[in-house]
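Asks: This is the structure alone, sequence omitted:
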C-alpha cells in the first residue's frame, strides 16, 4: 500500500473520530473506550500494513 494511501486513511479516521467526539453526545467513559478502541485498531492495521504482523504474532514472553 502506498504511503500516501496510509496517510489519507489516517487523516480520514482522525477526522471521523473527531466528528464523533465533537457532535455525538455521549458519556466521557464511552468516549474514552471508543477512542481507545479506534487507536488499537489503527495501530494493528498499521502494523499489518507495514508487514510487521509476522513479528508481533511470533512474540513470546517467558520461556
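Replies: Thanks, I have the structure now. Model, not experiment: these values are computed from the prediction.

Asks: Just give me the residue right at the centre of this protein.
Replies: The residue lying closest to the centre of the chain (C-alpha atoms, centre = their mean) is residue 42, at 1.8 Å.

Asks: Could you check the pLDDT of it?
Replies: We have a pLDDT of 96 for residue 42.

Asks: Test my guess that it contacts residue 10.
Replies: Yes: using C-beta atoms under 8 Å, residue 42 is in contact with residue 10, at 7.1 Å. Using the backbone N, CA and C atoms, a C-beta is placed for each residue, glycine as well.

Asks: that older thread, which non-adjacent residue is nearest the residue nearest to the centre of the chain?
Replies: Closest residue to residue 42 apart from its sequence neighbours, by C-beta to C-beta, 6 or more residues apart in numbering: residue 13 at 6.0 Å.

Asks: how far away is that neighbour from residue 60?
Replies: 31 Å (C-beta to C-beta, to the nearest Å).

Asks: out of the two, which sits in the more crowded spot?
Replies: More crowded of residue 13 and residue 60, by other C-beta atoms under 10 Å: residue 13, with 15 against 5.
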